[in-house]
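Colleague: next comes the sequence, and after it the predicted model I'd like to discuss.
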Amino acid sequence: MNRYLTIHIPETAAPAPVSHFLRTQAGLTKKQISQAKFRPSGVQKNGQQCRVTETAYPGDQITVCLETDDVDSLHLESSSFTISSDSHSFPLSTDSGSYSDSTASEFAGSDANSHIYHSPSTTSQLLPELEILYEDQDILAVNKPAGLVTHPSGSHYSDSLSNQVAAYFRSKDEPTKVRSIGRLDKETSGILLFARNQTAAARLQKQRENGISEKTYLAAVSGSMLEDTDGTFHAITTPLAPDPDNRLKMVISPGSSLPGSKPAVTLYSVLKSTAPGSRISASLVMLRLKTGRTHQIRVHMTSLGHPLLGDSLYHLSDTTNLFSRAALHAWKLKFHPPFPTGETTSGILSSIPCTENAKKEISLEAPLPEDFKKFYETMF
C-alpha cells in the first residue's frame with residue numbers, strides 16, 4: 001500500500017514554507033522532499049495538493065507520500081512461500097538487554113514464538129526458513145541463519161536473505177524495496193533489520209550512527225578469559241585497515257599506520273569461561289559495536305589472542321571442531337520506531353512530534369542457533 005506520513009503544525013509555530021516543516025518536523029531531507037513531490041498525492045496541506053513553497057500555518061496538517069505501492073526490488077529473484085507456522089503474533093521483549101546468569105536456559109535457549117515461512121527456491125539450493133522476529137508497516141526484523149549472505153553477490157545471485165525478504169513481501173501482495181539496516185557476514189547468524197520505506201531506512205540508519213540503536217552479539221572464542229561477573233565491559237579501540245597481503249582480510253592498525261585505516265571501537269564482557277585445566281579452553285563473550293567495520297569483532301578478538309572458534313580466516317589453528325563457521329551471533333537489538341507514536345489508518349501514518357526519548361523502545365532477541373546451544377551445554 002502507499003505509505004503516508006502526516007504531521008500537524010503546532011499552534012506555537014511561526015508560519016513557514018511547507019518544506020521547512022517537512023525538514024524540521026518530519027525529518028525529511030531535501031532529496032526526500034523532492035522525490036515525494038512526484039508521487040501520487042505527493043505533498044498535501046489540509047487534504048489538498050500543494051507546493052512545498054506554500055506557507056503552512058499553526059493548526060495546518062501536512063501529509064507526504066513516503067512510498068508508493070508499485071515500488072519493488074525487481075532485481076531480486078523470488079519464489080512462492082508457504083506458511084509453516086500458525087503463529088501470527090510478534091511479541092516485543094520488555095527485557096532491557098542486560099545479562100542475567102541466573103540459569104543456563106537463557107543460553108541453552110528455547111524456541112521463540114516467531115513467524116516462520118518456508119521458501120521453495122527456484123534454484124537447486126533449498127533456502128532455509130525465513131524466521132520473522134518482528135514486523136509492522138515500516139520494519140521487518142528477521143533471524144538470519146549462518147551460511148546465508150545478506151545481499152546477492154557473485155555466485156549468490158538468487159539465494160540471499162534479501163531475495164527471501166523480497167519474495168515474502170510479494171507473497172503478501174505488498175511489493176517492497178528491500179533495504180537492510182546494516183548487514184551480517186555470511187557466517188554470522190542473528191538479528192537483521194529491514195526498513196519498508198526510504199524514510200524509515202534513513203531514520204534507522206541515523207539511529208545507528210548516533211548510537212541510539214544497540215545491537216548485542218555473542219561470540220564463542222578460543223582461550224579462557226577472566227569472567228566479568230559484575231557485567232563490566234572492556235573497550236578495544238585499535239583502528240582497523242585492509243590487510244596489504246590479503247584482500248579478503250582486515251588487520252589491526254595501531255596508530256592508524258596502515259593505508260585505509262579507520263577508527264574501530266568494540267566493547268566486550270566475558271560471560272562464561274572454562275575452568276583452568278579444561279581439555280578445551282574457550283569463553284563466551286558478549287559484545288557491542290560503537291563502529292561498524294568489516295570483520296571488526298573477529299579481528300579485535302584475534303588481536304587479544306582470543307580468536308573466534310570456527311573462524312577459517314583468522315583462526316587457522318582451531319582444532320576444536322565445535323563450530324563449522326565463525327562463532328558469532330547477533331543476539332539482541334534495541335532501537336526506537338522510525339516514526340513518533342501515532343496511529344495507522346488505511347496506509348496513512350499519522351504522527352505527532354515528540355522527542356527521541358519519548359518514543360517507545362523496541363527490544364528484540366534472536367534465539368541461539370543449535371551450534372551455540374551445543375557449545376554452551378558442552379563447555380559450561
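Modeller: Structure's in. What do you need? Numbering: from 1, shown residues only.
Colleague: okay, now the nearest residue to His315 once chain neighbours are set aside: neighbour count?
Modeller: Nearest residue to His315 in three dimensions, chain neighbours excluded: Pro307, at 3.7 Å (C-beta to C-beta, 6 or more residues apart in numbering). From N, CA and C alone the C-beta is placed, and that goes for glycine too. Other residues lying near Pro307 total 24 when counted by other C-beta atoms under 10 Å.
Colleague: from Tyr314, how far out is Pro307?
Modeller: 5 Å (C-beta to C-beta, to the nearest Å).
Colleague: name whatever forms a beta bridge with the residue nearest to Ala330 when sequence neighbours are not counted.
Modeller: Computed as C-beta to C-beta, 6+ apart, the closest residue to Ala330 that is not its neighbour in sequence is Gly190, at 2.8 Å. On the basis of DSSP bridges, Gly190 is bridged to Lys144, Ala330.
Colleague: contacts only, for Gly190.
Modeller: 143-144, 184, 217, 328-331, 366 (C-beta atoms under 8 Å, 6 or more residues apart in numbering).
Colleague: which of these sits closest to Val52?
Modeller: Within the contacts of Gly190, proximity to Val52 (C-beta to C-beta) peaks at Leu184, which comes in at 38.1 Å.
Colleague: from Leu248, how far off is that closest one?
Modeller: For Leu184, the distance to Leu248 (C-beta to C-beta) stands at 17 Å.
Colleague: who has more neighbours, these two?
Modeller: Between Leu184 and Leu248, counted using other C-beta under 10 Å, Leu184 has the larger neighbour count: 22 against 9.
Colleague: let me know the pLDDT of the more buried one.
Modeller: Per-residue pLDDT puts Leu184 at 94.
Colleague: what do you get for Thr294?
Modeller: We have a pLDDT of 95 for Thr294.
Colleague: before we move on, what SS does it have?
Modeller: Taking DSSP: H, G, I helix; E, B strand; the rest coil as the rule, one finds Thr294 in the coil state.
Colleague: can you tell me how far it sits from Met225?
Modeller: On the measure of C-beta to C-beta, Thr294 and Met225 end up 24 Å apart.
Colleague: the more surrounded of those two?
Modeller: Met225 (24 against 15).
Colleague: immediately after the helix or strand where Leu271 lies, which helix or strand?
Modeller: Applying DSSP states H and E as the criterion places Leu271 in strand 266-273. Next helix or strand after strand 266-273 toward the C-terminus (DSSP H and E): strand 282-289.
Colleague: the inter-axis angle of that next one versus strand 266-273?
Modeller: 150 degrees (axes from the mean of the first three to the mean of the last three C-alpha atoms, to 10 degrees).
Colleague: I'd like the average pLDDT over strand 282-289.
Modeller: Rounded mean pLDDT across strand 282-289 is 98.
Colleague: now Pro40: how far from Gly27?
Modeller: Following C-beta to C-beta, the distance that separates Pro40 from Gly27 is 22 Å.
Colleague: those two: which is more packed in?
Modeller: Ranked by neighbour count (other C-beta under 10 Å), Pro40 and Gly27 place Gly27 first, with 18 against 10.
Colleague: so that one is in contact with Leu204, correct?
Modeller: No. Counting by C-beta atoms under 8 Å, Leu204 is not a contact partner of Gly27; they are 11.8 Å apart.
Colleague: just the residues contacting the strand holding Leu271, thanks.
Modeller: 99, 101, 107, 218, 224-228, 231-236, 282-291, 296-297, 300-301, 376, 379-380.
Colleague: partners of that strand, with directions?
Modeller: strand 234-236 (antiparallel), strand 282-289 (antiparallel).
Colleague: JSON lines for these, including mean neighbour count?
Modeller: Below are the strands paired with strand 266-273 laid out as JSON lines (neighbours: other C-beta atoms under 10 Å):
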{"stretch": "strand 234-236", "mean neighbour count": "15"}
{"stretch": "strand 282-289", "mean neighbour count": "22"}
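Colleague: kindly reformat those strands as TSV containing distance to Lys360.
Modeller: Output for these, formatted as TSV (distance: least, C-beta to C-beta, whole Å):
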stretch	distance to Lys360
strand 234-236	30
strand 282-289	21
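Colleague: can you tell which of the ones you listed is closest to Pro259?
Modeller: Among the strands paired with strand 266-273, if distance is taken as C-beta to C-beta, the winner is strand 234-236, at 21.2 Å.
Colleague: I'd like the average pLDDT over that closest one.
Modeller: The model assigns strand 234-236 a mean pLDDT of 98.
Colleague: contact partners of it?
Modeller: 228, 264-269, 300, 303-304.
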